[in-house]
Structures are given as structure tokens and as C-alpha cells.
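Q: Provided below are the primary sequence and the corresponding predicted coordinates.
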Amino acid sequence: SRAEWGADETKRFSNGVEVWSPTFFPIQGLIVHHTVTANDDLNPLATVQAIYHQHAVLNGWGDIAYHYLIDEAGRVFEGRWSGDTSKACGAGGDGFDFAHDEAGLLVTGGHTGYHNQGNVGIALLGNFASADELGDPGWVQLDPKQAALDALAATLADLSMRHDIDPTGQWVYANPMCDLPPDEWQWNCSDDGLPYFPDQTRDVISGHRDWRSTACPGAAMYALLPDIRNDVDALIKDRPMITVDENPLVREGNTVGGYEGAISGVSATHPNDLPVTLTNDATDFLRLGDTLVTWTATDPNELYDLAIQTVTVADTVSPDLVVPDNLSVTTLDPSGATITYLASASDVVDPSPNLSCDPASGSSFPLGDTTVTCDASDRSTNASSASFLVTVELQPR
């Protein structure tokens, strides 16, 4: 996590203002980079700190540009700040909260200009360029270490499972910023002179050079991407699959302020008929309104699938209104009588529904018949109405 590699969070701010506020979008693709730092690095933690300082302070970006960084030993470092402090790996964290918000959207990085929103940037520490790419005839091209490649494949597999991505597939990237009104564009999306290339097909797992004029991720790493795609596909092809049968799932409020009880509407299957454990992160109590619930289906091999379900807790039940039976009284006063009565309202979800009666208890009722109407309403605007008759008769002298 950032805390474990020593990210100085003050570097994200200038004069108390966050330089690069996080924005979040659905994941579209996975882009591999190299950092062009030393191979056989004896202090990769210091290297990550240096990259952070370069990006956040010297470049003025306010943060590190990559979402994930991987060292030669296969350690995965949390990159771009995602709005909340991640759980440290040494305290049981698994990196699931790296680079994402609670809804599972990707924080925008800064690794591939004009194509950052929705694209994950994963950087391997080291330099995998060829001698020609570096312009150095004495340079000896190196492949990434196997531990780093294994960690890269595992990270890509995890992201592919999590976001239902086909690691061997292709897609057409569309920057979601360009769906905004033109006056909210970060650049002129219709300017063909800019290095934004809409409507072009890319591999879901691609290299930086597939997007920009750059040698990144180096000839050695780029040559391995076809194998990486196949490795990732092999890791996840036998995973369970979740189907969200009810989205949104609607539950009627059954306790004060919301709903307590089981939720359903999701099922899971496995291509090899292995047992699947289906869990969710819903709390025991769900408040009125929409709650995003993440479901996880896991098999004995720890392969998994994720799905987001919207659970809508509604209150459509009117308050229970109790009024007296019809009342009949006599009086010696020809102008009528003061009548008191008891009416009450209760509601499962709203502990204090509004109650009003007309005429109110304690009012003066004239001789004859008067209809009392009582109305009750809860916070969800559900309403009940009931009435009873009050008869006031003049007592003979």
C-alpha cells in the first residue's frame, strides 16, 4: 500500500489544495509500461518513492501517474491515490482497494495522455528497451524477471475477473470525458491534430506504444505481451460466473429506517461444476434508498467473479391508524360539548409518523353529528386516513 512504501501524502497538495483531485470511470483497458529505471534494482522501494516525487512534485501532477507498479521480486505497489487509505498488505489487505473507489470504478491515472480515463496503467520497474530504442549501441536488452511477469499476469487476471474483461480480446476506446458538453472538455475532443485516437481498435491488454509514439514498455516487454495475454486467459478461463437476476433488488422496509434480513437475486455457476461460495458485502441493516452490494463467487482454486447489485429499500406501507369507534354524548349546554378522544398512528419504518385530526381532540362539538377525520403520513409520504362520528345530543331537563 502507499503507506507501506512511504508515500508522503503532503506531496499531493499545494498550499493546502489537492493538486489532482480523483475522478472515477469504468475500466475499459489495461496498459503495460516500464519505468526506465535501473535493472537489478537493489532498493525498489526508494525507486517508487523517487518516481512519486518526480510525478507529483517535479512534474507538478500532484501524484504518481501509474495505478500499479511491480518490482523485479514480484511485489505490487499501490500507485495513484484513490480517495481513501487502502488497507495495508501487512495487515491483511489484498490490494483490492488499490486504484478503485467503493463502487469499483477506476481512479483516473496519468500514464497515457488523452487515453487515461478508464485505462489501467501498470508499470514494471526497470528498462526493457532495445539498444536501437535507447540509441545506445552498448546497451544490452534485458527481459523482465520471471517473478515480475508472474505478478503482472496475476494482477491482470485479477482485474480481468473483477471487471469481466476478456484478456485476449480487443475493443474500441472512447474517452468518457468526450461525452461531456464541449465546454467541459479537458481538450478539444474533435481536434484531429491532438494525439487522441477515437474509433481505433486496441488489444484489451496493450503496451504504451500502442497508444503513443514511445518505446514503452520496451521491446523486450512488448514482445512478451501475446504470451501474457494467453497466461492471463489461462488463469481465469475456469472461473465461476455470477448472474444478477434481480437488479435492482427491491426490499420493503421492515424496521426503523430501513430493512433487516436476507438479500437475494443473484446466482452463480461454474464451468467445471466445482462448488462455488457466493458471498456479498451487504451489512445487516440497509437504509432506505439504493445501496450498491458487491457479490463474490469463489471456487476452491480461489478464482472468482464479481458483480454489483443495486438493492433498493423502499417504504410503501402506510402508517397503521387507529381511531375510536363512533361516539355519542349528551350535554346540558345547547351550544354543544367539549369532546376528547384518543387516536394513534404507528409505522414500522418511521417511528414518529405525523398525525392530525379535524376537529381535534378537546374541541367544542356542536349538537348533532360531526365527522372527525384523522390523517397519518410517514417520511416516505405514505398516508392513511380514517374517520368516526361524534353525536352530541341535548340532555332533556
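A: Thanks, I have it. Residues are numbered from 1 along each chain as shown.

Q: Surely Val232 is within a helix?
A: Yes - counting by DSSP: H, G, I helix; E, B strand; the rest coil, Val232 is part of a helix.

Q: Neighbours of it, how many?
A: Applying other Cβ atoms under 10 Å, we find 27 residues neighbouring Val232. Where C-beta positions appear, they are placed from N, C-alpha and C, glycine not excepted.

Q: Might you report the residue contacts of it?
A: Ala153, Leu156, Ala157, Ser160, Pro167, Thr168, Ile205 (Cβ atoms under 8 Å, 6 or more residues apart in numbering).

Q: top of these by neighbour count?
A: Ranked by the number of neighbours (other Cβ under 10 Å), these place Ile205 first, at 29 neighbours.

Q: still on that earlier bit, next, format the contacts of Val232 as TSV and append secondary structure.
A: Shown next, in TSV, are the contacts of Val232 (three-state DSSP):
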residue	secondary structure
Ala153	helix
Leu156	helix
Ala157	helix
Ser160	helix
Pro167	coil
Thr168	coil
Ile205	strand
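
Q: residue ranges of the helices in the protein, please?
A: Secondary structure of the chain (DSSP state H): helices located at 2-5, 44-53, 131-134, 146-162, 219-236.

Q: Just the buried positions in the last one, please.
A: It stands for helix 219-236. By neighbour count on 16 or more other Cβ atoms under 10 Å, the buried set for helix 219-236 is 219-222, 224-225, 228-229, 231-233, 235-236.

Q: Without its sequence neighbours, what residue ends up closest to Asp41?
A: Distances taken as Cβ to Cβ, 6 or more residues apart in numbering put Thr47 closest to Asp41, at 5.6 Å, once the chain neighbours are dropped.

Q: And Leu355, by the same measure?
A: Closest to Leu355 by Cβ to Cβ, 6+ apart is Ala345, at 4.3 Å.

Q: and what of Pro324?
A: Here the residue nearest Pro324, using Cβ to Cβ, 6+ apart, is Tyr341, at 5.0 Å.

Q: burial of Met241, as a residue count?
A: 14.

Q: mind listing what it touches?
A: Applying Cβ under 8 Å, 6+ apart, the residues near Met241 are Ala268, Thr269, His270, Pro271, Ala297, Asp305.

Q: now do 7 Å
A: By Cβ atoms under 7 Å, 6 or more residues apart in numbering, the residues touching Met241 are Ala268, Thr269, Asp305.

Q: In a markdown table: those, plus distance to Phe98 and pLDDT.
A: Output for those, formatted as a markdown table (distance: Cβ to Cβ, whole Å; pLDDT from 0 to 100):
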| residue | distance to Phe98 | pLDDT |
| --- | --- | --- |
| Ala268 | 25 | 97 |
| Thr269 | 29 | 96 |
| Asp305 | 19 | 89 |
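
Q: If you rank those by neighbours, which is first?
A: Counting neighbours by other Cβ under 10 Å, the top entry in those is Asp305, with 23 neighbours.

Q: what sits against that residue?
A: By Cβ under 7 Å, 6+ apart, the contact set of Asp305 is Met161, Arg239, Pro240, Met241, Ile242, Ala297.

Q: Who does the residue nearest to the third one when sequence neighbours are not counted form a beta bridge with?
A: Okay, so that is Pro240. With Cβ to Cβ, 6+ apart as the measure, Ala297 is the residue that lies nearest to Pro240, at 4.2 Å, once sequence neighbours are left out. Taking DSSP bridges as the rule, Ala297 bridges to Leu278, Asp305.

Q: for Ala297, what are its contacts?
A: Ala297 makes contact with Pro240, Ile242, Ala268, Val276, Leu278, Tyr304, Asp305, according to Cβ under 7 Å, 6+ apart.

Q: 8 Å instead?
A: Counting by Cβ under 8 Å, 6+ apart, Ala297 has contacts Pro240, Met241, Ile242, Ala268, Val276, Thr277, Leu278, Tyr304, Asp305, Leu306, Ala307.

Q: do the same with Asn119
A: By Cβ under 8 Å, 6+ apart, the neighbours of Asn119 are Ile27, Gln28, Gly29, Leu30, Ile31, Leu106, Gly109, His111, Thr112, Tyr173.

Q: most surrounded residue in these?
A: Ile31 (29 neighbours).

Q: Next, count neighbours for the closest residue to Thr391 other than its chain neighbours.
A: Nearest residue to Thr391, sequence neighbours excluded (Cβ to Cβ, 6+ apart): Ser328, at 4.4 Å. Per other Cβ under 10 Å, the neighbour tally for Ser328 reads 11.
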